[in-house]
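Peer 1: Sequence first, predicted coordinates after that:
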Amino acid sequence: MDLILFLVFAAIAVGCGVNLVVQRHPISSALSLIGVMGSLAVLYLLLGAEFIAAAQLIVYAGAIMVLFLFVIMLLNAGVERGVDKSRLARWLGLPLLALFLGMVSFLVRRFYPDKVSVAFGGFTGGGPADVGRKLFTEYLLPFEAASVLILIAILGAVVLARKEID
Amino acid sequence: MNFYLLTLAKFAVVMAVFMTTLAYLQWVERKVLAHIQLRPGPYRVGPHGLLQPLADVIKLLTKEGFIPAGVVKPIYLLAPVLAVGTSLVAIAVIPFGPKVSILGVETYLQLTDLNIGLLFILAASSLGVYGIALAGWASNNKYALLGGLRSAAQMISYELPLALALAAPLLLLNSLSLREVAESQAGYYFGFLPRWAILQAPFPQIFSFVLFLIAGFAECNRIPFDLPEAENELVAGYHTEYSSLTFASFFMAEYANMVTMCCVAATVFLGGWHAPFPAEYGSKYIPSLLFLLAAGILFYHAANPSGRRWDRYSLPVFGVVFLGLAVLFLIPVFQSVLIPVFWFAAKAGGLLFVFIWIRGTLPRFRYDQLMRFAWGFLFPVAVVNLLVTAFLAAWVAK
């Protein structure tokens, strides 16, 4: 059952990812990205990380992508016209992609030679309480550093927006 | 009993009750609004318009589903499905009562209990905006697009105070599972004051409750925050180009969101299925007394007809129905199931009445007022409320 669900949602995620690149219209691309995020949330759930799954849905699909969609709709972005592709990209694209995938798989095999397959349902520490305890004990410093980083980004955005108005 | 069979049975019951509630909520809303404005409201179909929802459903089902020219068809058809799907799914984690045994089968009066129950509801409600925004965009209509844009901006803005207002009581209740949230509000202070979150020490969550309700109005696109469908500026807003069943699904989604919001408020802030005063003071006789009172009023009006022709026959029938309900609530076998469900329904229903009441009372915000209210007032107040609750909770825990 877990394996079937994993295969189904992994396929949906990859399909939506491909669709995201192929689609010409920005709204269709944004919708595909939401599909990717939704199926990723299901994959997190399958691995036992309930809190991460919910956060993925609320933050990425529910807030960030709504903002994306809002901006696309506000700017009324239309269908993008394809520019003339360079001949280099047309001939070398597929071989380079194959080379890249080969390199990635080679490196993964090289650095993680022991093939430990993931056991669905083996991990149970993904509830909100567990995540919170880990964040405020073991990973306190990275957590605070990330929040300061986000604060700096917000301040930068405010400063830039101010300049625009003046 | 088989787990799947039990879940299926519970699902059937919840879905039937939920759908009937959605249909009749619209009748209640029209009646209450009408009486606020000194009109009789729906009156023609059935006694006191009681069959009006049925007539509406038949009308919407049999109308032609018209797809205008120039719409983006796949997204135009996907949007109502998204809206209604995300709004209906949230009822799955709402607890209606404690663990009970029906015909020897022990079960919780809840479809499923997730340890991220509240986050699940927040996720469903934050995904609900896609239905509205995409409907507005795909309709190829400037009014619909404006409605969709407004809705996207409004939902993002009001989700923050909504989540912050929910976080404060959770600091006292210590769980995200709605069943545990409701169970931890059992019991009474000094033997009579309920330990609901809005009364709970060290910091009664009355401010969170009000903040949650205000943000909830905005999340459901209800007056005074119904700018996405402001009739006098935007025709009908995001669902201008929808007809028949697709329109009905937007309509249903709005009411389903309202019911979910009220159920969450009743569970988190008002103690779920717990009675407002202890059973030894007779709280289990309240439902029967209320139904008896209703039956008495109906019989009185049937005996003194006010000139409406059918009241002489219809009112006694309803009086007998209410008498039967009063007797049903007195039978000890049913009491363990019916009394908690009654209190839960009473709280959620009271909040639904507040939703309708406010619709009949307040005018609509202007758009800049709406945004300033969210970011300039609601959000800071929610943050301060959360901070005070956190400090007091930590101080007591120490």
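Peer 2: Structure received.
Peer 1: mind checking how far A:Leu97 is from A:Leu20?
Peer 2: 16 Å (CB to CB, to the nearest Å). (Glycine included, C-beta is placed from N, CA and C.)
Peer 1: again, but for B:Phe209
Peer 2: Taking CB to CB, one finds B:Phe209 at 42 Å from A:Leu20.
Peer 1: Next: A:Leu96.
Peer 2: Distance from A:Leu96 to A:Leu20, by CB to CB: 20 Å.
Peer 1: neighbour-wise, which of those two wins?
Peer 2: More crowded of A:Leu96 and A:Leu20, by other CB atoms under 10 Å in any protein chain shown: A:Leu20, with 17 against 12.
Peer 1: Just give the nearest non-adjacent residue to the more buried one, would you?
Peer 2: In this structure, A:Leu20 finds its nearest non-sequential neighbour in A:Ser32, 3.9 Å apart by CB to CB, 6 or more residues apart in numbering or on different chains.
Peer 1: B:Glu183 too?
Peer 2: Nearest to B:Glu183 is B:Pro98, by CB to CB, 6+ apart, at 7.5 Å.
Peer 1: what's near enough to touch the one you found?
Peer 2: Remark: with contacts taken as CB atoms under 8 Å, 6 or more residues apart in numbering or on different chains, B:Pro98 is in contact with B:108-109, B:183, B:273, B:340.
Peer 1: In helices, which of the residues you listed appear?
Peer 2: In this view, those that belong to helices under DSSP state H are B:183, B:340.
Peer 1: from the contacts of B:Pro98, which would you call buried?
Peer 2: Neighbour counting by 16 or more other CB atoms under 10 Å in any protein chain shown classes B:109, B:183, B:273, B:340 among the contacts of B:Pro98 as buried.
Peer 1: Tell me the predicted confidence for the second one.
Peer 2: pLDDT for B:Glu183: 83.
Peer 1: now it: how far from chain A?
Peer 2: As judged by CB to the nearest CB, to the nearest Å, B:Glu183 and chain A stand 16 Å apart.
Peer 1: try the third one
Peer 2: Here B:Trp273 is placed at a distance of 23 Å from chain A (CB to the nearest CB).
Peer 1: what do you get for B:Leu325?
Peer 2: Taken as CB to the nearest CB, the span from B:Leu325 to chain A is 39 Å.
Peer 1: Give me the mean pLDDT for the helix or strand where that residue lies.
Peer 2: Per DSSP states H and E, B:Leu325 falls inside helix B:311-328. When pLDDT is averaged over helix B:311-328, the result is 81.
Peer 1: Check what contacts it and list those residues.
Peer 2: Here helix B:311-328 has contacts from B:47-48, B:287-289, B:291-292, B:294-296, B:298-299, B:301-302, B:305, B:334, B:338, using CB under 8 Å, 6+ apart.
Peer 1: Out of these, which are close to chain A?
Peer 2: When CB under 8 Å from any CB of the partner chain is applied, no member of those is adjacent to chain A.
Peer 1: so B:Val396 sits right up against B:Gln200, yeah?
Peer 2: No. In this structure B:Val396 lies outside contact range of B:Gln200 using CB atoms under 8 Å: 10.8 Å.
Peer 1: which of those two has more neighbours?
Peer 2: More crowded of B:Val396 and B:Gln200, by other CB under 10 Å: B:Gln200, with 20 against 11.
Peer 1: which residues does the more buried one contact?
Peer 2: Going by CB under 8 Å, 6+ apart, the list of residues near B:Gln200 reads B:169, B:172, B:185.
Peer 1: count of residues packed around B:Leu328?
Peer 2: 14.
Peer 1: sorry, back to before: do you know how far the residue nearest to A:Leu20 is from chain B?
Peer 2: From A:Ser32 to chain B the distance is 12 Å (CB to the nearest CB).
Peer 1: Close to chain A: what parts of chain B are there?
Peer 2: B:72, B:75, B:114-116, B:119-120, B:122-123, B:126-127, B:129-130, B:133-134, B:136-137, B:145, B:148-149, B:152-153, B:155-156, B:159, B:176.
Peer 1: Can you flag which of the residues you listed belong to helices?
Peer 2: Using DSSP H, the residues of chain B next to chain A in helices are B:75, B:119-120, B:122-123, B:126-127, B:129-130, B:133-134, B:136-137, B:145, B:148-149, B:152-153, B:155-156, B:159.
Peer 1: Pop the domain breakdown of chain A in here.
Peer 2: A:1-79, A:127-166 (automatic domain parsing).
Peer 1: What residues does chain A have near chain B?
Peer 2: So chain A meets chain B at A:27-28, A:31, A:34, A:50-51, A:53-55, A:57-58, A:61-63, A:66-67, A:69-70, A:73-74, A:127-128 (CB under 8 Å from any CB).
Peer 1: Now which of the residues you listed would you call buried?
Peer 2: A:27-28, A:31, A:34, A:50-51, A:53-55, A:57-58, A:61-63, A:66, A:69-70, A:73, A:127-128.
Peer 1: helix or strand for B:Arg143, which one?
Peer 2: Slight slip there: residue B:143 is Tyr, not Arg. Per DSSP H and E: helix B:142-173 holds B:Tyr143.
Peer 1: same question for that helix, mean pLDDT?
Peer 2: Across helix B:142-173, the per-residue pLDDT values average to 85.
Peer 1: and that helix, which residues are buried?
Peer 2: Under 16+ other CB under 10 Å, the buried positions of helix B:142-173 are B:143-173.
Peer 1: Next, the angle from that helix to helix B:117-138.
Peer 2: 170 degrees (axes from the mean of the first three to the mean of the last three CA atoms, to 10 degrees).
Peer 1: who does helix B:142-173 touch, helix- and strand-wise?
Peer 2: helix A:65-75, helix B:117-138, helix B:178-183, helix B:206-219, helix B:231-234, helix B:244-268, helix B:367-372, helix B:379-397 (3 or more CB pairs under 8 Å, 6 or more residues apart in numbering or on different chains; DSSP states H and E).
Peer 1: Next one: the residue in chain A positioned nearest to chain B from A:Phe120, what distance?
Peer 2: Closest residue of chain A to chain B, CB to the nearest CB: A:Gly62 (2.9 Å). Note on A:Gly62: its distance to A:Phe120, by CB to CB, is 26 Å.
Peer 1: Checking B:Pro98 next. Helix, strand or coil?
Peer 2: Here B:Pro98 is recorded as strand under DSSP: H, G, I helix; E, B strand; the rest coil.
Peer 1: Can you tell me which of the contacts of B:Gln200 is closest to A:Arg81?
Peer 2: In terms of CB to CB, no member of the contacts of B:Gln200 lies closer to A:Arg81 than B:Pro169, at 52.8 Å.
Peer 1: show me the residues around that closest one that make contact.
Peer 2: With CB under 8 Å, 6+ apart, B:Pro169 has these contacts: B:197, B:200, B:205, B:208, B:268-269, B:389.
Peer 1: what about 10 Å?
Peer 2: B:181, B:185, B:196-198, B:200, B:203-205, B:208-209, B:212, B:268-269, B:389 (CB atoms under 10 Å, 6 or more residues apart in numbering or on different chains).
Peer 1: Looking at those, which is nearest chain A?
Peer 2: The closest of those, once distances to chain A are taken by CB to the nearest CB, is B:Val181, at 12.5 Å.
Peer 1: Check the secondary structure at the residue lying closest to B:Trp196 once chain neighbours are set aside for me.
Peer 2: Sequence neighbours aside, B:Gly271 is the residue nearest to B:Trp196 in space, at 3.7 Å (criterion: CB to CB, 6+ apart). At B:Gly271 the chain is in coil, as set by three-state DSSP.
Peer 1: Lovely, talk soon.
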